[in-house]
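Colleague: Structure for this input, please:
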Amino acid sequence: MAQSNETTQYYHGTKADLKQGDLIQPGFNSNYGKQNKAKYIYFTATLEAATWGAELALGEGSERIYIIEPTGTFEDDPNLTDKKFPGNPTKSYRSQQPLRVIGELKEWQPHTAEQLKTMKDHLEKLKQQGIEAIED
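Modeller: Numbering: from 1, shown residues only. Prediction:
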């Protein structure tokens, strides 16, 4: 398990409407896979991964990217590290402890409609093959 690095900025992409000081916690239905109750909260140190998180999140709300700080230990996200990409180039993590919202990133560049369609088609193909997110 890693500890928070004071100099690293972390992000959480979602459609949830949150405010500064709110805690994002496990126990809610996941945005991915079978939408089971999430055992972990996922976050990243890259804007690219946070953008995907916001764009692929379920729900009707606006896509948002929050700047967060972990309140406890965290580990590399096994959905993306070593299985899909050697190491952790996406700087994606998960934690069982809450994430505190520090602020919202108001300006960020969404993916193109074509990139989003390609990703959603890929995820649907994986789902049809029975391949879904890991939730160890």
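Colleague: rest of the way, CA atoms for contacts and neighbours
Modeller: Fine.
Colleague: Who are the contact partners of the nearest residue to Ser92 once chain neighbours are set aside?
Modeller: Nearest residue to Ser92 in three dimensions, chain neighbours excluded: Thr44, at 4.3 Å (Cα to Cα, 6 or more residues apart in numbering). Shown here is Thr44, whose contacts under the criterion Cα atoms under 8 Å, 6 or more residues apart in numbering are Tyr10, Tyr11, His12, Ala50, Thr90, Lys91, Ser92, Tyr93.
Colleague: and the fifth one, what does it touch?
Modeller: Right, Thr90. Listed by Cα under 8 Å, 6+ apart, the contact partners of Thr90 are Thr44, Ala45, Thr46, Ala49, Leu80.
Colleague: Quick check, pLDDT for it.
Modeller: Confidence at Thr90, expressed as pLDDT, is 81.
Colleague: would you say it is within a helix?
Modeller: No - secondary structure assignment places Thr90 outside any helix; it is coil (DSSP: H, G, I helix; E, B strand; the rest coil).
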